[in-house]
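[1] coords below, sequence missing:
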């Protein structure tokens, strides 16, 4: 298929995928999809990534229950980045328990890091001691 | 510096950077920063990426005038992805003239691609014939 009309996995097997809360617009996380993950995401309506560390499909929320219901899937001008608009079940996308993985802000004036995010769950209760 | 308290360039020289409209929440684009780009972004308050195709710093908007004024800079739990909240001068982040690079949606039911984005400028007028 032409790269202008479908996400392009020919240059890179894994392409970055941004997950955005479909209601609030919050950017929740960034992970990776291969072509199989994209196909399964479209087929099931739940977001599936490819885990680089585990080298296999990562059905987001499989363990925690915090699945991402697909509300819209977009790709960019170069067809090498995806944007998934989702309903984040459980309210938290991050394994640390924060709503968004982007819970730390660099304060531009001072150069210090500020934790701004909202913690929705205690990861030890969800995943157990690791 | 410890990877938990600052963006981590030790594993990857380039880390993905999501640009989000600070007012509307729209995801505008995804590009890459190296450490130098991050430093210059923080020092100047304008977003600077690293262009993989040109292999040099890319001061976004240098040619078109459509700079991105930095409103907030976040990094994720793994410290390997950045999120820049910006004011997109000129209203369009995409070189194709669309407000967002994610102007194409995959319709999940039909599998077809729908152009949803709003075109803000004609790229031929801004960049000339290429």
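    Happy to help now that I have it. These numbers were taken from a predicted model, which means no experiment stands behind them. Numbers count the residues shown, from 1 in each chain, chains lettered A, B, ... in the order given.
[2] Identify each buried residue in stretch A:119-130, please.
    Buried residues in stretch A:119-130, defined by neighbour count with 16 or more other C-beta atoms under 10 Å in any protein chain shown: A:120-121, A:123, A:126. Every C-beta, even on glycine, is put in place using the N, C-alpha and C of the backbone.
[3] With stretch A:82-100 instead?
    For stretch A:82-100, the neighbour count (16+ other C-beta under 10 Å) marks A:82-86, A:88-89, A:92-100 as buried.
[4] In these, find the pair that's most separated.
    A:82 and A:97 (25.1 Å; C-beta to C-beta).
[5] give me the element the nearest residue to residue A:31 once chain neighbours are set aside is part of.
    Spatially, and ignoring its direct neighbours in sequence, residue A:31 is nearest to residue A:49 (4.1 Å; C-beta to C-beta, 6 or more residues apart in numbering or on different chains). Per DSSP states H and E: residue A:49 is located in strand A:48-51.
[6] If we ignore the residues flanking it in sequence, what's nearest residue A:116?
    In space, and not counting its chain neighbours, residue A:116 is closest to residue A:105: 5.0 Å by C-beta to C-beta, 6+ apart.
[7] So the one you found belongs to a strand, correct?
    Yes: membership of residue A:105 in a strand is supported by DSSP: H, G, I helix; E, B strand; the rest coil.
[8] count of neighbours near it?
    Applying other C-beta atoms under 10 Å in any protein chain shown, we find 18 residues neighbouring residue A:105.
[9] That one: what's it in contact with?
    Neighbour list for residue A:105: A:113-116, B:72-74 [criterion: C-beta atoms under 8 Å, 6 or more residues apart in numbering or on different chains].
[10] Then residue A:52?
    Contacts of residue A:52 by C-beta under 8 Å, 6+ apart are A:14, A:32.
[11] what residue ranges in chain A are flagged as low confidence?
    A:1-4, A:128-130 (pLDDT under 70).
[12] follow-up on the earlier one: columns distance to chain B and secondary structure on top of the buried residues of stretch A:119-130, output as JSON lines?
    Shown next, in JSON lines, are the buried residues of stretch A:119-130 (distance: C-beta to the nearest C-beta, whole Å; DSSP: H, G, I helix; E, B strand; the rest coil):
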{"residue": "A:120", "distance to chain B": "13", "secondary structure": "coil"}
{"residue": "A:121", "distance to chain B": "14", "secondary structure": "coil"}
{"residue": "A:123", "distance to chain B": "10", "secondary structure": "helix"}
{"residue": "A:126", "distance to chain B": "15", "secondary structure": "helix"}
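[13] Of the contacts of residue A:105, just say which sits nearest to residue B:36.
    residue B:73 (15.1 Å).
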